[in-house]
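Enquirer: the following block contains a protein sequence and its predicted model.
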Amino acid sequence: MLLVSPAVAMVALFVLFPLGFAVYISLTDWPLIGPYHFIGGQNYSLLIHDPEFIHSVVFTLLYTAIVTGPIFLVGYGMAVLVRSGRLGSVFFRTAFFLPFIVGLATESFMVLLELQPDSGAADYVLSKIGLAHADTAWTVDYGLALTAICVFVTWFASGLTMMLLMAGMQGIPTELYEAAEVDGASWWQKERRVTLPLLRRNIALALIISVIGSFLAFNQFYILTEGGPGTSTQPVVMWIYEEAFVQYHLGYATAGAIALVVVIGIISAAQFYLLRDRDNARAGR
Amino acid sequence: MTAASRASYAPQSSRRSRAAGDSRATRGGRGRGRDLGRTGFALYLTGGTIAALIFLLPFAWAIVRSFMPNDLVTQAPAASDFSHLTTVNYTGLIQTNDILRYAANSLMVAVGTGLLTAVIATMAGYGFARFRFRGSGVVFALVLVTMMIPFQALLTPLFLEMHTLGLTNNLAGLALFYTTFNLPFGVFVMRNTFLQIPWELSEAAAVDGASAVRTLVSVLRPLVVPGIATTVLYAFLFSWTEFVGALTFLTSNNLFTLPLALLTMEYGSVGQVNFGYLEAGAVIAMVPCVLLYIGLQRFYIRGLVSGVVKG
């Protein structure tokens, strides 16, 4: 019991206490400095009528809806490519996963440079093949910025999906494929009838991790667009950050944060429920 | 205590045999696709190579560009750029932007986070794996549940709390914050590590007259070290690449970690952004991640499989 106490103390101090404290702050008009007052649910009722907050929620959902599919499909394709352990597959796997390791913050600075009009690699390459003008300014236009960031994030995150799916694919017994081949199944039939059903657990996991990651997006928007033009590309986490540490409306910002915790909590609980169910079903195997 | 640890034998051994079954299946899976044929294999290599280039070229390009002075970086790329490679960005960053200080800040926080996470997670993992005490299931669940709580949503209460404790604008405070949010994963990995150890082995060593220290070193170390390496690697990389927490908890310039130093460069100290410096700074931030990952890849993947997929 003594052994686990440091871990429990840390979690209590930096997760559980702040969580409870957050609920309390969200019921006040807490400024950064000075006295605060208990105002009950007022922050929450303001929140649902705040166009800026609503926009950040809708924008986050839109962004999640756009990137989740491509990340999954690219990740699945790459997992198919590397799962077999053929010559070169370790190299491919390493390459595909590298963007996830280096991290969105560092890469956002690199991407910022390449999205500059006239000098960036994006305009250079795209103007050569006639898809964009050489002076396209990607980060100051809502549609262009969202497009660029979605491509960038797909490049960044699909490696993680690949890893999660690959782990599942390698656990599927070879005999199943051999049996399917004896029955004359094509590649696609094997994929659909053998791989996909047995991979459901990993697919659910990969999708949930990807969706949660998108809901918590911050770095790429903060660094590349600063939420602009205006606040049009401002995701929820950035709304919380700006409201708390730029506007100093700590109580109000925290009410928004609580809403985020609830949503993420529901998704995570759904994950536990879905995956546990599968585990019990597989236990008889 | 002994009764409890003995009671936990049964599930352990069944767990072990299942893990062995898994690895057999993995090895079996490797053989798949041998029947690919020559054309299929050529297609696989071509497709893989093109995809790998898409993933690697941006990094290679960033490295090349970091050796071009700002006035070339801010012009359209041209073939002649490659004959003007220079280290001016790096020397400039060191001399005028104090990049080594920021790198040292990042390194201290990341190493501190890695070590602290390893120590606390190893203790807790051992405790959860070997002993059942009143409420241990509940406590373990509580630690894991925190994995579901995004720290991004706790920035305001954490800021107020850490400010009161004197932990804002404090690299040790930042490391404590990072450690906490790495603990659930670390505890989970370390608990699994200790669960997979055949304790009969250490008992046999004791019967054969090995001292406790010798048992620890020669029997347990080879089994536990991979788990610790996984935990340290995740904590280090998390800390090295984290952005929004550092942005919130650090406000004085001389304590900035690398991502914050890059942000300062993006805003430009005198209004003018030096993109050459920014690119070189990004490369400096990137290199340790790449080297660590390539060197310790098997630990990373191990963690992904045992800590996330099975979790």
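Expert: Alright, I've got the coordinates. Residues are numbered from 1 along each chain as shown, chains lettered A, B, ... in the order given.
Enquirer: ranges for the helices of the stretch 1-150 of chain A?
Expert: A:5-11, A:17-25, A:42-47, A:51-82, A:89-102, A:104-114, A:121-128, A:142-170 (DSSP state H, counting those that start in this stretch).
Enquirer: would you mind finding the most buried of those?
Expert: helix A:104-114 (a mean of 25; mean count of other C-beta atoms under 10 Å in any protein chain shown). (Glycine included, C-beta is placed from N, CA and C.)
Enquirer: quick one: contacts of it?
Expert: A:99, A:119-122, A:139, A:148, A:152-153, A:156, A:219-220, A:223-224, B:58, B:61-62, B:65, B:73, B:241-243, B:258-259, B:262, B:266, B:275, B:278-279, B:281-282, B:285-286, B:289 (C-beta atoms under 8 Å, 6 or more residues apart in numbering or on different chains).
Enquirer: now it: how far from the chain's centre is it?
Expert: 17 Å (C-alpha atoms, centre = their mean, to the nearest Å).
Enquirer: pLDDT (mean, whole number) over that helix?
Expert: Averaged over helix A:104-114, pLDDT sits at 93.
Enquirer: give me the angle between it and helix A:121-128.
Expert: Angle of helix A:104-114 versus helix A:121-128, following axes from the mean of the first three to the mean of the last three C-alpha atoms, to 10 degrees, is 50 degrees.
Enquirer: just the angle between helix A:104-114 and helix A:89-102, please?
Expert: 90 degrees.
Enquirer: pick out the shakiest of the helices of the stretch 1-150 of chain A, pLDDT-wise.
Expert: Across the helices of the stretch 1-150 of chain A, helix A:121-128 gives the lowest mean pLDDT, at a mean of 86.
Enquirer: what residues does it touch?
Expert: By C-beta under 8 Å, 6+ apart, the list of residues contacting helix A:121-128 reads A:114-117, A:132-136, A:138, A:148, B:61, B:76-77.
Enquirer: is chain A contacted by stretch B:138-155?
Expert: Yes: Stretch B:138-155 is in contact with chain A by C-beta under 8 Å from any C-beta of the partner chain, via B:139, B:142-143, B:146-155.
Enquirer: distance to A:Phe14 added to the contacts of helix A:121-128, as a markdown table?
Expert: What follows is those, written out as a markdown table (distance: C-beta to C-beta, whole Å):
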| residue | distance to A:Phe14 |
| --- | --- |
| A:Glu114 | 37 |
| A:Leu115 | 36 |
| A:Gln116 | 39 |
| A:Pro117 | 43 |
| A:Ala132 | 46 |
| A:His133 | 49 |
| A:Ala134 | 49 |
| A:Asp135 | 47 |
| A:Thr136 | 44 |
| A:Trp138 | 38 |
| A:Ala148 | 35 |
| B:Trp61 | 39 |
| B:Ala76 | 48 |
| B:Pro77 | 46 |
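Enquirer: quick one, what contacts A:His133?
Expert: A:Asp123, A:Ser127.
Enquirer: next, count neighbours for residue 258.
Expert: Chain wasn't specified; assuming chain A. 21 (other C-beta atoms under 10 Å in any protein chain shown).
Enquirer: nope, chain B
Expert: Neighbour number of B:Leu258 under other C-beta under 10 Å is 29.
Enquirer: wait, it sits on B:Leu278?
Expert: No: contact between B:Leu258 and B:Leu278 fails when scored by C-beta atoms under 8 Å: they sit 11.7 Å apart.
Enquirer: sitting in strands, which of the contacts of helix A:121-128 do you find?
Expert: Mapping the contacts of helix A:121-128 onto strands (DSSP state E) picks out no residues; all lie outside.
Enquirer: drop anything exposed from those residues.
Expert: Buried residues within those, counting neighbours by 16 or more other C-beta atoms under 10 Å in any protein chain shown: A:Glu114, A:Leu115, A:Gln116, A:Pro117, A:Ala132, A:Thr136, A:Trp138, A:Ala148, B:Trp61, B:Ala76, B:Pro77.
Enquirer: which one of those residues is nearest A:Tyr44?
Expert: For those, the minimum distance to A:Tyr44 (C-beta to C-beta) is 34.6 Å, reached by A:Ala148.
Enquirer: contacting residues for the residue nearest to that closest one when sequence neighbours are not counted?
Expert: Counting by C-beta to C-beta, 6 or more residues apart in numbering or on different chains, A:Trp138 is the residue found nearest to A:Ala148 once chain neighbours are left out, at 4.6 Å. Contacts for A:Trp138 (C-beta under 8 Å, 6+ apart) come out as A:Leu115, A:Pro117, A:Gly120, A:Ala122, A:Asp123, A:Leu144, A:Ala145, A:Thr147, A:Ala148.
Enquirer: can you name the residues that contact the last one?
Expert: Residues counted as contacts of A:Ala148 (C-beta under 8 Å, 6+ apart) are A:Val111, A:Leu115, A:Ala122, A:Trp138, A:Thr139, A:Leu224.
Enquirer: give me the number of residues near B:Ser218?
Expert: Count around B:Ser218 with other C-beta under 10 Å applied: 12.
Enquirer: next, the angle helix A:51-82 makes with the helix or strand where A:Ala257 lies.
Expert: Following DSSP states H and E, the helix or strand that holds A:Ala257 is helix A:250-283. Counting by the same axes, to 10 degrees, helix A:250-283 lies at 30 degrees to helix A:51-82.
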